[in-house]
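Engineer: Here is the input, now give the coordinates:
(2 chains)
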Amino acid sequence: MAATFHLSVITPTRTLLDEEVTSIVVPGSEGYLGVLAHHAPLIAALAPGKLTVKTEGGQTHVYALSGGFLEVSNNKAILLADAMETLEEIDVERAKKAAERARKRIDEGGKLWDVPRASEALNRALNRIHVHGGR
Amino acid sequence: MATLKQLRRRIRSIKNTQQITKAMEMVAAAKLRRAQGRALASRPYAQKTSEMLQSLAAAAATLSHPLFEQRPVETTSLVVVASDKGLCGSFNMNVFRQLERQFEAEARRGVSLYPVGRRANLYFGKRDWTIDGKVPQLGDQLDFEKARLLALELTNAFIAGKTDKVQLMYTKFRTVASREVVIEDLLPIVPREDAEGAVAGYIFEPSPERIFDTLLPRYVQNRVLQAMAESIASEHAARMLAMGAATKNAKEVLGNLSLQANRMRQAAITKEILDIVGGAEALK
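Structural biologist: The predicted structure is shown next:
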């Protein structure tokens, strides 16, 4: 049995996970990084991406993460997610619409819209579509 | 003494009022359930964010960020969260009174307000306070965008040196029957001295500066949002209780009035019978 550590995933609207896991792979803002049990203390900023969690029982779960922060210390990991969905929860239609809207705003430019925010929204939407399709 | 007709009219009017207060009570109860869930669900996030901020601040003590800068306090900005609607008992007045007690006439000079919610704007707009910014309507649903814009405004004012201290005043939700008006410091962010359990030697990914830059605005936003969520939940709880009490009152008044009305009706009937009996008696 692989060594485990405790993972809590908390979003502003709910506590999504609170369990023992053997490994996680998170989308760091500079690239994906993996965390195993007894990881050195770490604070990382996260980008929109795919979160992979291997549970104690050996199953692998995939989530769409819309950015956030990860803190690891004393064999405990706390992931503060801006938003996160399980595969079943992802609303692909909504994400496609959001992506379309964001693209349009970026095209229309800086006078009308907040372009950095629109491109962040585009990233989040594309990530949701990607995670959902890339099972 | 009121006539029977007047009494009946009053009974009808109180019945109408009672129907309204009863409906409001039920609506508030339904809204409370949602608002309460929302406020409680986001508490862990708010708490963990501030914990993470603390360990980050402790671990990277050398780091400075404009939002940590402690200046002698000459001007304070105070965000006052109240409700949009009335008819919720003493909910709004509790907030306003506490604020006025906190800052007596003299102390008001260095204070500027950011009233949130229609009631707060109505109340402070007419009084002797400096108002720097406002959120005119809180809205029925918790609005992330409003919290974001307000947080941005506060942060900018603080960084520009327009204010030296930002505080949040709102009604914290405890249970359905109890709530508490609190004032909390928002800016500058003060790292805890004792920082127990702080782990030295964190790895930062990417740099601590970059993490600060993304974490801090989110933290401020979240505190503002949480204050709004707590206030909305408290408002619905207060309204539910106030309307429940009003319904009960109406029932009591109705009882008294109908007793009175029945007595008068009975008296009138008795009088009529006596008249008839008297008349019949006289004909004999």
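Engineer: And the residue of chain B found nearest chain A, how far from A:Phe69?
Structural biologist: Closest to chain A within chain B is B:Glu205: 3.9 Å, counting by C-beta to the nearest C-beta. The C-beta positions use only the backbone N, C-alpha and C, and glycine is treated the same way. Going from B:Glu205 to A:Phe69 by C-beta to C-beta, to the nearest Å gives 10 Å.
Engineer: and what of B:Pro208?
Structural biologist: Going from B:Pro208 to A:Phe69 by C-beta to C-beta gives 12 Å.
Engineer: Spit out the residues that contact the two alike.
Structural biologist: A:Ile43 (C-beta atoms under 8 Å, 6 or more residues apart in numbering or on different chains).
Engineer: Look at those two and report which has more neighbours.
Structural biologist: For the pair B:Pro208 and A:Phe69, the greater number of neighbours falls to A:Phe69 (24 against 19), based on other C-beta atoms under 10 Å in any protein chain shown.
Engineer: What is the three-state secondary structure of the more buried one?
Structural biologist: strand (DSSP: H, G, I helix; E, B strand; the rest coil).
Engineer: what's the neighbour count on the residue lying closest to it once chain neighbours are set aside?
Structural biologist: The shortest distance from A:Phe69 to any non-neighbouring residue, by C-beta to C-beta, 6 or more residues apart in numbering or on different chains, is to A:Leu80 (4.7 Å). A:Leu80 has 24 neighbours, counted by other C-beta under 10 Å.
Engineer: ok, now which ones touch A:Leu80?
Structural biologist: A:Leu80 neighbours (C-beta under 8 Å, 6+ apart): A:10-11, A:68-71, B:45, B:48-49, B:52.
Engineer: so what's the nearest residue to B:Leu257 once chain neighbours are set aside up against?
Structural biologist: Closest residue in space to B:Leu257, ignoring its immediate chain neighbours: B:Ile11 at 5.1 Å, by C-beta to C-beta, 6+ apart. Each residue near B:Ile11 by C-beta under 8 Å, 6+ apart is listed here: B:254, B:257-258, B:261.
Engineer: B:Arg118 is in contact with B:Lys85, correct?
Structural biologist: Yes. Taking contacts as C-beta atoms under 8 Å, B:Lys85 lies within contact range of B:Arg118: 7.4 Å.
Engineer: tell me the SS of A:Leu16?
Structural biologist: strand.
Engineer: Give me the distance between it and chain B.
Structural biologist: 11 Å (C-beta to the nearest C-beta, to the nearest Å).
Engineer: Count the neighbours of whichever residue of chain A sits closest to chain B for me.
Structural biologist: Residue nearest to chain B within chain A: A:Ala44 (3.9 Å; C-beta to the nearest C-beta). Applying other C-beta under 10 Å, we find 23 residues neighbouring A:Ala44.
Engineer: and if you look at the one 10 residues further on?
Structural biologist: Per other C-beta under 10 Å, the neighbour tally for A:Lys54 reads 18.
Engineer: does it count as helix, strand or coil?
Structural biologist: strand.
Engineer: now swap in A:Asn123 and tell me
Structural biologist: helix.
Engineer: just B:Ala35 next, same as before
Structural biologist: Quick answer, by three-state DSSP: B:Ala35 is helix.
Engineer: which element is residue 47 on?
Structural biologist: Picked chain A for this. Per DSSP states H and E, A:Ala47 falls inside strand A:42-55.
Engineer: you looked at the wrong chain, it should be chain B
Structural biologist: When elements are assigned from DSSP H and E, B:Gln47 belongs to helix B:43-59.
Engineer: touching chain A at all, that helix?
Structural biologist: Yes. Against chain A, helix B:43-59 shows contacts by C-beta under 8 Å from any C-beta of the partner chain at B:44-45, B:48-49, B:52, B:55-56, B:59.
Engineer: Give me the pLDDT for the closest residue to A:Gly49 other than its chain neighbours.
Structural biologist: Distances taken as C-beta to C-beta, 6+ apart put A:Pro27 closest to A:Gly49, at 2.5 Å, once the chain neighbours are dropped. pLDDT, A:Pro27: 91.
Engineer: contacting residues for A:Pro27?
Structural biologist: With C-beta under 8 Å, 6+ apart, A:Pro27 has these contacts: A:46-51, A:65.
Engineer: hang on, the earlier thing: and the residues of helix B:43-59 next to chain A as JSON lines, adding pLDDT?
Structural biologist: JSON lines is the format used below for the residues of helix B:43-59 next to chain A (pLDDT from 0 to 100):
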{"residue": "B:Pro44", "pLDDT": "88"}
{"residue": "B:Tyr45", "pLDDT": "88"}
{"residue": "B:Lys48", "pLDDT": "86"}
{"residue": "B:Thr49", "pLDDT": "87"}
{"residue": "B:Met52", "pLDDT": "82"}
{"residue": "B:Ser55", "pLDDT": "76"}
{"residue": "B:Leu56", "pLDDT": "77"}
{"residue": "B:Ala59", "pLDDT": "69"}
